[in-house]
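[1] I'd like to go over a predicted model; first the sequence, then the structure.
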Amino acid sequence: MFISITLRKNGMNDLNSQQLRRRILNLIQRWFRQPVAALQQTADTEYRLNPQYSSCWISIETISVYIRCTDEGVSIDLYPLNNETEEAIVSTYALFSEADSINTAAGVSA
């Protein structure tokens with residue numbers, strides 16, 4: 001992770017280097033205390049993938065679920081828990097264009 005801090009000369013004349021270091025450290029500590037979660041809860045049992053992420057892992061008992069969003073759609077792979085480097089037990093995908101067609105035909109908007 002890269003953090004860029006830009007300091008302007010105006011208003012900084014009254015800060016010494018120790019105060020400046022303290023302010024920067026406080027900013028960094030606040031930044032890391034509020035991590036962005038991959039999943040955002042939208043309802044009691046409903047979640048949405050945060051746009052900052054293209055994938056996430058979810059563990060359900062002895063199954064690891066890998067959800068990946070691409071430009072064309074979503075793929076889901078299921079692995080035995082702790083064996084995620086092996087071949088997936090099952091995989092599936094859906095294209096956004098297919099879902100859009102079905103929603104349009106049913107009169108449903110996303």
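    Cool, got the structure.

[2] What helix or strand is Gln41 located in?
    For Gln41, the host element (DSSP states H and E) is strand 39-43.

[3] Show me what that strand is in contact with.
    Residues outside strand 39-43 that contact it (CB atoms under 8 Å, 6 or more residues apart in numbering): Tyr47, Arg48, Leu49, Asn50, Cys56. To be clear about C-beta, it is placed using only N, CA and C from the backbone, and glycine gets the same treatment.

[4] All the helices of the protein, residue numbers only.
    Assigned by DSSP state H, the chain shows helices spanning 17-33, 96-106.

[5] Could I get the average pLDDT for the last one?
    Over the span of helix 96-106, the pLDDT mean works out to 92.

[6] Tell me the helices and strands packed up against it.
    On a contact count with 3 or more CB pairs under 8 Å, 6 or more residues apart in numbering; DSSP states H and E, helix 96-106 meets strand 73-80.

[7] what's the angle from the strand it packs on to helix 96-106?
    110 degrees (axes from the mean of the first three to the mean of the last three CA atoms, to 10 degrees).

[8] got the buried residues for strand 73-80?
    Under the neighbour-count criterion of 16 or more other CB atoms under 10 Å, strand 73-80 has Val74, Ser75, Asp77, Tyr79 buried.
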